[in-house]
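Q: got a structure for you, letters missing:
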């Protein structure tokens, strides 16, 4: 069993132009992860021949209030069109829009029951949009302790509860194990409970958000456990390189390169 490996282009070779980064990832055999599409030359990305694993699926908006949900759906529709143009496999969402430094545009420390119901309703409408456009949206867990304080529905348990409640093929989890390790831990059991709804798994080590092998997470063991569960989908490295990015990608591949059986 083999995983499909991808890497976030924005986080690697940061002194190089995006066209060079995309080409290099393709040469090394990786799918390409992106953040916000307005930051890039779409014609260049189209010409690149890359397979795009994931990109942000909205430009602004929130899950849990009427005004924010309307904006989220408006920009998600716009982004779905771009995703179809580029052949992006998954379009990523968060509980609220993220601004400079990954901080929430609209922070929220306490999530009410009404907000949970509104978030579920918004994601039902996202699933309708996914069905209409023939795309897949993912909802990503984040951490609030280090990178994204004030983001609602940030824990993996929160995103799993929402996605499983909607339970539609156009809405999946982007299960980020870096964020989950900081927020919750128990990663293998988390993967097991989330398995039916996972669209992509993202990885980086803790602390530091760098490639596997630089921190405390035993990614080779997680890879074996995922294979034993039957997961053969996408694994994306959303991490900075501790040194040479080519070496960081090689360490990532080694962690998820399962021995032949």
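A: That came in fine, so what should we check first? Quick caveat, the model's predicted, so the values are computed rather than measured.

Q: so is the residue nearest to residue 19 when sequence neighbours are not counted in a helix, a strand, or just coil?
A: Counting by C-beta to C-beta, 6 or more residues apart in numbering, residue 19 lies nearest to residue 44, which is 5.2 Å off, once chain neighbours are set aside. C-beta: built from backbone N, CA, C; applies to glycine. Reducing the assignment at residue 44 to three states with DSSP: H, G, I helix; E, B strand; the rest coil gives helix.

Q: Quick check: residue 44 touching residue 20?
A: No - taking contacts as C-beta atoms under 8 Å, residue 44 lies outside contact range of residue 20: 10.6 Å.

Q: if we can go back for a sec, near the residue nearest to residue 19, how many other residues are there?
A: Using other C-beta atoms under 10 Å, residue 44 has 12 neighbouring residues.

Q: got the contact list for it?
A: Contact criterion C-beta atoms under 8 Å, 6 or more residues apart in numbering gives 18-19, 22 as the residues in contact with residue 44.

Q: tell me, how many neighbours does residue 227 end up with?
A: Counted with other C-beta under 10 Å, the neighbours of residue 227 add up to 17.

Q: Same check on residue 130?
A: 22.

Q: check contacts around it.
A: Contact analysis of residue 130 by C-beta under 8 Å, 6+ apart lists 80, 136-137, 168-171.

Q: what separates the residue nearest to residue 19 from residue 70, distance-wise?
A: Distance, residue 44 to residue 70, using C-beta to C-beta, to the nearest Å: 32 Å.

Q: Low-confidence bits of this protein, can you list those?
A: Residues of the chain that meet the criterion pLDDT under 70 lie in 1, 260-261.

Q: quick one: the strands in it?
A: Here the chain has its strands, by DSSP state E, at 4-8, 31-33, 52-56, 90-93, 137-140, 171-176, 198-203, 234-237.

Q: Parallel or antiparallel, which strands does the fourth one pair with?
A: On the basis of DSSP bridges, the sheet neighbours of strand 90-93 come out as strand 52-56 (parallel), strand 137-140 (parallel).

Q: and what of the second one?
A: According to DSSP bridges, the neighbouring strands of strand 31-33, each with its direction, are strand 4-8 (parallel), strand 52-56 (parallel).

Q: quick one, what contacts residue 71?
A: Residues counted as contacts of residue 71 (C-beta under 8 Å, 6+ apart) are 60-62.

Q: Mind checking which of the residues you listed are buried?
A: Buried residues within the contacts of residue 71, defined by neighbour count using 16 or more other C-beta atoms under 10 Å: 61-62.
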